[in-house]
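*Asks:* no letters, just coordinates:
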């Protein structure tokens, strides 16, 4: 769907998506890193379980919700990647305490 | 990196670090007022100057001269004494000018003598069949990734809609070597006539020459279909095709990515939650705050600058930011205004920056069928409520957006109506034969962005707070 432009010389940052190592770049948001990763990053909604990917990338649509380092329902489009970050793709409703 | 505000109280708190907020905060701080700028993003720039301090797209021609103007604004701000906090989400603002802001998972509270809201705009909802499918995004979303991470569309890409941003983005994608298979232009033919009386101001504005050359650049490389009157996305769990009708002829094309855009509208959530009066704008088809010439709202001490004050574009936003900040300085430290540009000069700058805007509003007024959906098309993305669901609720007595919440939970999901509010208002207005102004909008309340219960529970409590809820 997206690819990186060759001119991007930013250093790599390694994140984990459902345990799989993914190479992101410093300054990527979690959502941008997921969209360019080639991984299936579709979450499923809490209401019907329908698959979704980010829609607005600017913090308003909440279709980018992911679990980041154990904290659920984070807006992936507003959080920059960090080395070793653990991302979980959300399927359905959140559990209490997550 | 969690930095709480250094003070408990400021002369001026500016919310949002886009063009208006950057200019307002720099102006206020230059005049010697204690100034705090709070912004939700990782760095300054808002949407139009997104990633201005960090973009990997370093060839200046690719993003264009209008983008790099943002670097000067950031430089002025950094040269000033304004305190700036990023990744700071303001979740409450009230009539006492008390502000609650979430920073790194913890809330801080600050008080302001004046607040300048510069929360900008968001893209107008584009509720077509299939718009919730993975692979359907806004044009702004693609532009955000292009600016901040140098990402470009790679698979079969269709862009659809209308307005200056669509063409700017298309040009930028092509300059970076990205792929666009087709552009579907939804501008209504009748709009050209409606816009004609305003053409002189537009032809003599800077928009004209820039817009024309950008459209030429794009049309030389991409097939553009104009007069598109119907649009739908389809696929099983993922976008597979886009179908459209142009000139009465239907066509379906395979697609991996569909980028939608039909203009931007003010981001009203924080302003409305603060109790600021808004009115329906019949030309721009959105809610706009009721403001005086300096941006002052119906709530004493709160001004709105930038596109949140009504869509005017980046140049106008910068000037509105300066005007709102100057008005704050006039109120709090009149002697310091000597350091600032005179109000008369700023008002002349604003008139110049707004030149041609009415033409654009009339030309790119989105067609009814792309604003007011029917049948199974989803209106509320969060709660997955369709147009038919809304109309069924109207049939059994739902009178407006707030009643509809009780029937269908529209607007009660995490986006808090940002992606369905305008659609719900217009859909209900049409169904009930009333104006959008009569139908009204969701009653918005704090927290305007979701925060965790743990964060809320950790908020410091006074003796009075505890007495208010503890018995005995």
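*Replies:* Cool, the structure landed. What you see is a predicted model; the values in this text were computed from it and never measured.
*Asks:* any idea how far the helix or strand of chain A at the bottom of the mean pLDDT ranking is from the middle of the chain?
*Replies:* Least confident helix or strand of chain A, by mean pLDDT, DSSP states H and E, is strand A:71-75 with a mean of 93. The chain centre lies 10 Å from the centre of strand A:71-75; the measure is CA atoms, centre = their mean, to the nearest Å.
*Asks:* ok, residues contacting that strand?
*Replies:* Contact partners of strand A:71-75, identified using CB atoms under 8 Å, 6 or more residues apart in numbering or on different chains, comprise A:30, A:59, A:62, A:64-68, A:90, A:94-95, A:98, B:105, B:414, B:450, B:452. From N, CA and C alone the C-beta is placed, and that goes for glycine too.
*Asks:* that strand pairs with which strands?
*Replies:* Here strand A:71-75 has these sheet partners by DSSP bridges: strand A:65-68 (antiparallel).
*Asks:* and the partner strand, what's buried?
*Replies:* Neighbour counts using 16 or more other CB atoms under 10 Å in any protein chain shown place A:65, A:66, A:67, A:68 of strand A:65-68 among the buried residues.
*Asks:* mind checking pLDDT for the third one?
*Replies:* The confidence metric pLDDT takes the value 96 at residue A:67.
*Asks:* thought it was touching residue A:91?
*Replies:* No - taking contacts as CB atoms under 8 Å, residue A:67 lies outside contact range of residue A:91: 10.1 Å.
*Asks:* run through chain B and note the low-pLDDT ranges.
*Replies:* Across chain B, the ranges flagged by pLDDT under 70 are B:1-2, B:472.
*Asks:* remind me, longest strand of it?
*Replies:* Ranked by residue count under DSSP state E, the longest strand found in chain B is strand B:106-117.
*Asks:* who are the packing partners of that strand?
*Replies:* Counting contacts by 3 or more CB pairs under 8 Å, 6 or more residues apart in numbering or on different chains; DSSP states H and E, strand B:106-117 is packed against strand B:9-15, helix B:19-30, strand B:88-93, strand B:98-103, strand B:302-304, helix B:314-332, helix B:453-457.
*Asks:* that strand pairs with which strands, parallel or anti?
*Replies:* Under the criterion DSSP bridges, strand B:106-117 sits next to strand B:9-15 (parallel), strand B:98-103 (antiparallel), strand B:302-304 (parallel) in its sheet.
*Asks:* which residues does the last one contact?
*Replies:* Counting contacts by CB under 8 Å, 6+ apart, the residues outside strand B:302-304 that touch it are B:93, B:97, B:114-118, B:271, B:274, B:276, B:289, B:291, B:294-297, B:324, B:327-328.
*Asks:* what segments of chain A are strands?
*Replies:* A:2-4, A:12-17, A:20-25, A:43-44, A:51-52, A:65-68, A:71-75, A:86-88.
*Asks:* quick one: distance of the first one to the chain centre.
*Replies:* In other words, strand A:2-4. Put simply, strand A:2-4 sits 15 Å off its chain's centre (CA atoms, centre = their mean).
*Asks:* give the rounded mean pLDDT of it.
*Replies:* 97.
*Asks:* okay, now the sheet partners of that strand, with direction.
*Replies:* strand B:151-153 (antiparallel).
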